[in-house]
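A.B. asks: the sequence isn't on hand, but the structure is:
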Ligand code: CP
C-alpha cells in the first residue's frame with residue numbers, strides 16, 4: 001500500500017506512468033467509467049477547497065466509485081477534539097482510499113502512519129500539494145509538449161505557496177529546468193527548498209522582484225495567490241498582496257508560446273483581461289486536475305486498465 005504525501009513519494013518513472021495513464025483517460029474517458037465500481041473515496045477536508053475536493057470527487061465518480069467525507073473541520077468530530085490518528089483509524093473501515101487536506105504541515109503524514117488505506121495529501125499547510133503538482137505536470141506536458149528544457153517563472157507567495165514547493169520538487173527531476181523566482185523579499189522560497197532541492201540538484205535559478213524584466217525569458221509563468229490565511233499580521237498581508245498583478249501590458253513582453261498557469265483560486269494577481277489570451281491556461285489546468293486524480297486513484301488502488 002502506497003501513500004502520497006509529497007511528490008517525491010512517486011519515482012520519476014511512477015510519475016511518468018501516472019501522467020501516461022491520465023493521457024489515456026483524456027483520450028477515452030468512457031473506457032474508464034467502471035474501473036472503480038464498488039470502491040469508495042473519503043475526502044477529509046479540514047481546510048476550505050473548491051478544486052481539489054470536487055475534482056477528487058468527480059474523479060472517483062468518473063471511475064464508477066462513490067465518495068463520502070466532510071468539507072470542514074467544523075462539520076466533523078475534529079470540532080469535538082478528535083485527533084487525526086483516531087479519525088483515520090475509523091475512516092479506514094469506511095472507505096478504500098482517502099484524500100486529506102489539513103492546515104497543519106505533516107497532518108496527512110500522521111494519518112498515513114495510522115491508516116490501513118492509501119492516504120493522499122490534498123494540501124498540508126504551507127508544505128506540499130502533490131496532486132496539484134500532478135495536475136500542473138499534466139497541463140505542461142499536454143500544452144507545452146515537454147517537461148524538460150523549460151525556463152519556469154514562479155511568481156507571488158513563494159514562502160507559503162505549497163503548490164510552488166511541490167512543483168519545484170517535481171520539476172528538478174527533469175532535464176535543463178531553470179527557475180526564475182519572482183517575489184518580494186518577505187515571500188521568497190524557504191531556505192530548505194533553496195538548499196535541499198535547488199542547490200542539491202545543481203539547478204540554475206535567480207530571485208528577482210520585478211516581473212516585467214524577466215517576462216521575455218520565460219516558457220512558463222506560474223502565478224500564485226498571496227496566502228492570506230498563513231499570515232499572522234493583517235498589515236503585512238495588505239502590504240504584499242497586490243505587488244504582482246499580471247495584466248495585458250505585462251503579457252506584451254512574453255513569448256508568443258509562453259503559458260500562464262495558476263493553481264487557483266485567483267484573487268487579484270491575474271487581471272481578468274488576461275483570461276481571453278490563448279496563453280492563459282489556468283482554467284484548462286483545473287480541468288486536467290480531474291484526469292490527474294483519476295489516474296492517481298487507479299494507481300494507488302492498483303486497478304487494472306480496462307481492455
Ligand atoms: N488549487 C487548489 O488547491 O484549489 P482549492 O484550494 O480550491 O482546492
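C.D. replies: Nice, thanks for sending it over. The structure presented is a predicted model; accordingly, all values stated were derived computationally and were not measured.

A.B. asks: where does this protein have low pLDDT?
C.D. replies: Low-confidence segments of the chain (pLDDT under 70): 230-231.

A.B. asks: tell me the helices in it, going along the chain?
C.D. replies: For the chain, the helices defined by DSSP state H cover 12-27, 51-62, 84-91, 107-114, 130-144, 162-171, 191-193, 211-214, 234-240, 248-251, 282-300.

A.B. asks: show me how far the longest one is from its chain's centre.
C.D. replies: Distance of helix 282-300 from its chain centroid, counting by C-alpha atoms, centre = their mean, to the nearest Å, is 10 Å.

A.B. asks: so for the ligand, which of the helices of the chain sits nearest?
C.D. replies: Of all those, helix 51-62 sits nearest to the ligand, with 3.2 Å by C-beta to the nearest ligand atom. Glycine gets a C-beta too; all of them are placed from N, C-alpha and C.

A.B. asks: return the list of helices and strands in contact with the closest one.
C.D. replies: When contacts are defined as 3 or more C-beta pairs under 8 Å, 6 or more residues apart in numbering; DSSP states H and E, helix 51-62 packs onto strand 40-45, strand 66-70, strand 97-102, strand 119-124, helix 130-144, helix 282-300.

A.B. asks: how distant is that helix from the center of its chain?
C.D. replies: Chain-centre distance of helix 51-62: 14 Å, with C-alpha atoms, centre = their mean.

A.B. asks: near the ligand, which residues of the stretch 151-300 of the chain are found?
C.D. replies: With C-beta under 6 Å from any ligand atom as the criterion, the stretch 151-300 of the chain comes near the ligand at residues 263, 264, 265.

A.B. asks: now for residue 148: which residues touch it?
C.D. replies: 174, 175, 176, 177 (C-beta atoms under 8 Å, 6 or more residues apart in numbering).

A.B. asks: ok, and the closest non-adjacent residue to the last one?
C.D. replies: Yep, that's residue 177 we're talking about. Nearest non-adjacent residue to residue 177, counting by C-beta to C-beta, 6 or more residues apart in numbering: residue 171, 5.0 Å away.

A.B. asks: wait, doesn't the one you found sit right on residue 147?
C.D. replies: Yes - Residue 171 is within contact range of residue 147, at 7.3 Å (criterion: C-beta atoms under 8 Å).

A.B. asks: tell me the residues that contact both of those two, please.
C.D. replies: residue 137.

A.B. asks: to residue 21, which of the helices and strands packed on helix 51-62 lies closest?
C.D. replies: Of all the helices and strands packed on helix 51-62, helix 282-300 sits nearest to residue 21, with 4.1 Å by C-beta to C-beta.

A.B. asks: distance check, the residue lying closest to residue 1 once chain neighbours are set aside against the ligand.
C.D. replies: Closest residue to residue 1 apart from its sequence neighbours, by C-beta to C-beta, 6+ apart: residue 118 at 5.8 Å. Separation of residue 118 from the ligand (C-beta to the nearest ligand atom, to the nearest Å) stands at 19 Å.

A.B. asks: just confirm residue 118 contacts residue 39, I think it does.
C.D. replies: No - using C-beta under 8 Å, residue 118 makes no contact with residue 39, being 11.2 Å away.
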